[in-house]
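**Student:** Fold the following for me, if possible:
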Amino acid sequence: MKLHTVFPLLIAVACSSSSNGAAPPANDASDEAPAADAGSADAEDAAGSYAEAVLSATWKAVPGAPTVTGGAKQDDVVFPSASVGYAVSGPASTIYKTTNGGTTWKSVFTHTGTYFRSLLFIDESHGFASNLGPIAQSTITDTNVLYETMDGGASWNPVTAITGPMPTGICNQTMIDPLHLVAVGRVEGPSFLMMSGDGGGTWTSTDLSSQLQMLIDARFTSPTDGIVVGGSAGSTMYCSILHTTNGGGTWQPVFQSATPSSLCWKISFPSSLVGYVSVQDTAGGTSSFAKTIDGGLSWKEMPLENAGTGYAGIGMGFITEDIGWISADDVSAPTLRTTDGGQTWAKDSALMSPINRFRFLSPTTAFAIGATIWRLDVPWTGGEP
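**Tutor:** Prediction:
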């Protein structure tokens, strides 16, 4: 795998969270855009008009947003409300906050030795920031895997109420509902799943290393049903997706990439049935991604057109079932856009790789975070498409 330009021996792949957009629904689908009712002709017309509005919009870098250079990236941005948002920068060991919908940002917490990786906010005041964890031969030394704020980012304290084997670091967090929270990690292993049933007051950790040597992202639709993605255990790693129906008690494989030395990275579900997972190819194989049309029960690996070979897909986000983006863990590789559900892809010149997370706050507002923060404003006035 490519090594991070900031830390000579720090892997460049970035973990992040599938937590919040503005006013997240119960299953915390901040990167899930509302879909039109397929049985309604009027809804289909509205969906078509909305797609046209999306395609007429252009991503724009946010002036004054936190930035990093040298091919590095920042990893997560979340909005627990339309006006209040948070972003994390691992290279800067800093958490940022906006109170005006992302127009301006200020630092609210810096902790030397911490690589802040992901965010989850239950509301504007109560949230969590994860730490990638100690990295050999780097300045990242902090062993605390989670930090919690109860006062809107004014103060942050380590989370210590964790039972079970202690994770080394956390890559992603997701909220099922305000009580049921999930955290997973990490890149380069070991692989652990943490779950809370009391809004983050206490956490229980489970070791998943027997099935995944790296655990990157998660999506749960209920406290019992969910998927996790990462890299398979064994001497040769493959991008793999596991499914549970009993709250993580047992896991069944539902997808494995055909490309050796690959890693599943980000999950994006624009609707309850249609979902996508990026594939990070680390050995120069066929570039691809995974898609489901049955809510994640089964997946198909599809070629990533115009990506060349060895495309290290990381950030992936779909604003509709057909329109979405994928970014690479390489500043020289393009960020691509599809308008037909992944059948074809073309470069989006407004965005620059590497981008780690896309967030869709509403039908008219989206953010992406990488070297800086980009915003997409969709000229749509028709309500829910």
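**Student:** after the host helix or strand of Gly313, next one along is what?
**Tutor:** Using DSSP states H and E, Gly313 maps to strand 313-318. Using DSSP H and E, the next helix or strand after strand 313-318 towards the C-terminus is strand 324-328.
**Student:** Taking strand 313-318 as reference, get the angle to that next one.
**Tutor:** 170 degrees (axes from the mean of the first three to the mean of the last three C-alpha atoms, to 10 degrees).
**Student:** Could you shift the numbering so residue one becomes 42, and keep it that way?
**Tutor:** That works, and once the first residue is 42, the last one we named lands at strand 365-369.
**Student:** okay, and for the stretch 242-391 of the chain, where does confidence drop off?
**Tutor:** For the stretch 242-391 of the chain, no stretch has pLDDT under 70.
**Student:** how about the strands of it, start to end?
**Tutor:** Counting by DSSP state E, counting those that start in this stretch, the stretch 242-391 of the chain has these strands, from start to end: 244-248, 253-261, 267-273, 280-285, 293-297, 303-309, 316-322, 329-333, 341-344, 354-359, 365-369, 377-379, 387-388.
**Student:** Can I get those in TSV including distance to Ala177 and mean neighbour count?
**Tutor:** C-betas here are computed from N, CA, C, even on glycine. Converted to TSV, the strands of the stretch 242-391 of the chain look like this (distance: least, C-beta to C-beta, whole Å; neighbours: other C-beta atoms under 10 Å):
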stretch	distance to Ala177	mean neighbour count
strand 244-248	21	17
strand 253-261	16	27
strand 267-273	19	26
strand 280-285	25	25
strand 293-297	29	16
strand 303-309	19	30
strand 316-322	21	27
strand 329-333	31	24
strand 341-344	33	15
strand 354-359	22	28
strand 365-369	25	28
strand 377-379	33	23
strand 387-388	36	12
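**Student:** closest to Ala98 out of those strands?
**Tutor:** Closest approach to Ala98 among the strands of the stretch 242-391 of the chain is made by strand 377-379 (11.4 Å; C-beta to C-beta).
**Student:** Mind giving me the packing neighbours of that closest one?
**Tutor:** When contacts are defined as 3 or more C-beta pairs under 8 Å, 6 or more residues apart in numbering; DSSP states H and E, strand 377-379 sits against strand 365-369, strand 387-388.
**Student:** Sheet-wise, list the partners of it with their directions.
**Tutor:** Strand 377-379 pairs in its sheet with strand 365-369 (antiparallel), strand 387-388 (antiparallel), by DSSP bridges.
**Student:** Beyond the shortest one, next helix or strand please.
**Tutor:** Stepping forward along the backbone from strand 387-388, the first helix or strand reached (DSSP H and E) is strand 398-403.
**Student:** closest to Leu253 out of the strands paired with strand 377-379?
**Tutor:** strand 365-369 (21.7 Å).
**Student:** Between strand 329-333 and the strand holding Gly354, find me the angle.
**Tutor:** Going by the same axes, to 10 degrees, strand 354-359 makes 40 degrees with strand 329-333.
**Student:** helices or strands up against strand 354-359?
**Tutor:** Using 3+ C-beta pairs under 8 Å, 6+ apart, strand 354-359 sits against strand 303-309, strand 316-322, strand 365-369, strand 398-403, strand 406-410.
**Student:** what about 7 Å?
**Tutor:** Helices and strands touching strand 354-359, as assessed by 3 or more C-beta pairs under 7 Å, 6 or more residues apart in numbering; DSSP states H and E, comprise strand 303-309, strand 316-322, strand 365-369, strand 398-403.
**Student:** between it and strand 406-410, how many degrees?
**Tutor:** 180 degrees.
**Student:** Make CSV from the helices and strands packed on strand 377-379 and add distance to Gly241 to it.
**Tutor:** Shown next, in CSV, are the helices and strands packed on strand 377-379 (distance: least, C-beta to C-beta, whole Å):
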stretch, distance to Gly241
strand 365-369, 29
strand 387-388, 40
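**Student:** Among these, which comes closest to Phe408?
**Tutor:** strand 365-369 (12.0 Å).
**Student:** Residues in contact with the closest one: which ones?
**Tutor:** Here strand 365-369 makes contact (C-beta atoms under 7 Å, 6 or more residues apart in numbering) with 309, 317, 319, 330, 352-359, 376-379, 389, 392, 394-396, 399, 411.
**Student:** Relative to the whole chain's centre, how far out is that strand?
**Tutor:** 12 Å (C-alpha atoms, centre = their mean, to the nearest Å).
**Student:** Next, the angle from it to strand 303-309.
**Tutor:** Using the same axes, to 10 degrees: strand 365-369 against strand 303-309 is 140 degrees.
**Student:** from what I can see Cys305 touches Val320, true?
**Tutor:** Yes: between Cys305 and Val320 a contact is recorded at 6.3 Å, counting by C-beta atoms under 7 Å.
**Student:** residue boundaries of the helices in the protein?
**Tutor:** Under the criterion DSSP state H, helices of the chain are mapped to 82-97.
**Student:** contacting residues around stretch 145-156?
**Tutor:** 105-107, 128, 131, 134-139, 172-173, 180-183, 194-195, 197.
**Student:** Just the buried residues of it, please?
**Tutor:** Within stretch 145-156, the residues scored as buried using 16 or more other C-beta atoms under 10 Å are 146, 149-150, 152, 155-156.
**Student:** Mind exporting the C-alpha coordinates of it to PDB?
**Tutor:** The C-alpha trace of stretch 145-156 is given here as PDB (Å, rounded to 0.1, in the frame of the first residue of the first chain):
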ATOM      1  CA  THR A 145     -16.300  29.600   8.100                       C
ATOM      2  CA  TRP A 146     -14.400  27.100  10.400                       C
ATOM      3  CA  LYS A 147     -12.400  27.500  13.600                       C
ATOM      4  CA  SER A 148     -10.200  25.100  15.600                       C
ATOM      5  CA  VAL A 149     -11.900  23.800  18.800                       C
ATOM      6  CA  PHE A 150      -9.500  21.100  19.900                       C
ATOM      7  CA  THR A 151      -5.900  20.100  19.100                       C
ATOM      8  CA  HIS A 152      -4.200  17.100  20.800                       C
ATOM      9  CA  THR A 153      -0.600  16.400  20.000                       C
ATOM     10  CA  GLY A 154       0.100  12.800  19.100                       C
ATOM     11  CA  THR A 155      -3.500  12.100  18.000                       C
ATOM     12  CA  TYR A 156      -4.600  11.300  14.400                       C
END
